[in-house]
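Visitor: Below are the sequence and a predicted model; questions follow.
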Amino acid sequence: MATADLTVLALGRADVSASGYIAEIQRRLRRQDRVRFQMHAMGTSLEGATADILAVVEELHQVPFEQGAPRVYTVLKLDERRDRPDQTLDDKVRSVEDRLGGDG
């Protein structure tokens, strides 16, 4: 299993707001069942097989083009641990929280 962080940026669009194409990206993620996902303030976290993540990212990269953007810049951070193939996004967060302990 791999985890990833995805940000898709539409460049050269008239509207400063990105919420329209981000909403469509989230709709498409809801319609698929290949990767687990969670939107956050600066992008979307993905979890699944590397090939599935890459396939989904390829589809999502097209969304701003479909909405008329002349240029799309996509940032993907992909992490695959073969020594811990079942590690999830939640496991990663929990690991750091455990180290913080009572630091509150």
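Guide: Looks like it came in fine.
Visitor: List the residues that contact the closest residue to residue 46 other than its chain neighbours.
Guide: Setting aside the residues directly before and after it, residue 46 is nearest to residue 4 in space (C-beta to C-beta, 6 or more residues apart in numbering), at 4.3 Å. Just so you know, the C-beta spots here come from the backbone N, C-alpha and C atoms, and that holds for glycine as well. Contacts were defined as C-beta atoms under 8 Å, 6 or more residues apart in numbering; by that measure residue 4 touches 45-47, 53, 57, 76-79.
Visitor: Reduced to three states, what does residue 4 come out as?
Guide: Reducing the assignment at residue 4 to three states with DSSP: H, G, I helix; E, B strand; the rest coil gives strand.
Visitor: out of the contacts of residue 4, who has the most neighbours?
Guide: Most neighbours among the contacts of residue 4, by other C-beta atoms under 10 Å: residue 46, with 26 neighbours.
Visitor: Please enumerate residues in contact with the one helix or strand it maps to?
Guide: Here residue 46 is covered by strand 43-48, with elements defined by DSSP states H and E. Outside strand 43-48, the residues within contact range by C-beta under 8 Å, 6+ apart are 1-7, 25-26, 29, 34-38, 53, 56-57, 75, 88-89.
Visitor: how much space is there between residue 89 and residue 79?
Guide: From residue 89 across to residue 79, the span is 10 Å (C-beta to C-beta, to the nearest Å).
Visitor: Over to residue 30?
Guide: 23 Å.
Visitor: Would you state the strands of the chain in chain order?
Guide: Using DSSP state E, the strands of the chain run over 2-11, 36-40, 43-48, 71-80.
Visitor: Pick the most buried one from those.
Guide: Among the strands of the chain, ranked by average contacts under mean count of other C-beta atoms under 10 Å, first place goes to strand 43-48 (a mean of 21).
Visitor: Can you pull the phi and psi angles for the closest residue in space to residue 52 that isn't next to it in sequence?
Guide: On the basis of C-beta to C-beta, 6+ apart, the spatially nearest residue to residue 52 that is not a chain neighbour turns out to be residue 34, at 4.0 Å. Backbone torsions for residue 34, taken as degrees, to the nearest 10, come to phi -90, psi -30.
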